[in-house]
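S.K.: Model the structure of this input:
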Amino acid sequence: ALCTVRNTRDITWRRHSTTMAADIVTQRPYKCTVHLALPSHQYAQHLKEVISVDQEISNKVVKSFAVVKAPSSGHITEDSAGVEADGGVDSGGEMRVLRIHFEATDAKMLRVSMSTTYDMINVALKCFQEFGE
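M.R.: Numbers count the residues shown, from 1 in each chain. Here you go, the predicted structure:
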């Protein structure tokens, strides 16, 4: 063998560092941000925790999640959706909007990732409705 690994921590670290190096080099010109308004901060936080568990299969798509405040106007724009604060409520309104940002190497991968994420959101929201938060 070219390399001997004595414990599984080394394997995990090497795999992670290889992925990180690949992420730095990979260009992802296809981007999309989805804002999903929910009834409360608790719903938004629970949904974020549920759907952020599953990672993408390859490094062709990267997703990031954040709970942001709902603008007072009711219309969400990049400027009006602030970043999550520790207190759960920002000065402009309740933090009840889940922001999901996608970046992909090609349009097909972006579409597939978004479609899968919407399916997971649909299942999670049906569970919330049926069984409560």
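
S.K.: Where do the strands of this protein begin and end?
M.R.: 30-37, 61-68, 89-90, 93-94, 97-104 (DSSP state E).

S.K.: Mind giving me the packing neighbours of the lengthiest helix in the chain?
M.R.: Assignment by DSSP state H gives helix 107-131 as the longest helix of the chain. Packing contacts for helix 107-131, counted by 3 or more Cβ pairs under 8 Å, 6 or more residues apart in numbering; DSSP states H and E, involve strand 30-37, helix 41-51, strand 61-68, strand 97-104. Every residue, glycine included, has its C-beta placed from N, CA and C.

S.K.: That helix to strand 97-104, inter-axis angle?
M.R.: 150 degrees (axes from the mean of the first three to the mean of the last three Cα atoms, to 10 degrees).

S.K.: May I see the buried residues of helix 107-131?
M.R.: Within helix 107-131, the residues that qualify as buried are M109, L110, V112, S113, M114, T116, T117, M120, I121, A124, F128, counting by 16 or more other Cβ atoms under 10 Å.

S.K.: can you list contacts of that helix?
M.R.: Helix 107-131 is contacted from outside by 30-32, 34, 36, 43, 46-47, 50-51, 54, 56, 60-61, 63, 100, 102, 104, using Cβ atoms under 8 Å, 6 or more residues apart in numbering.
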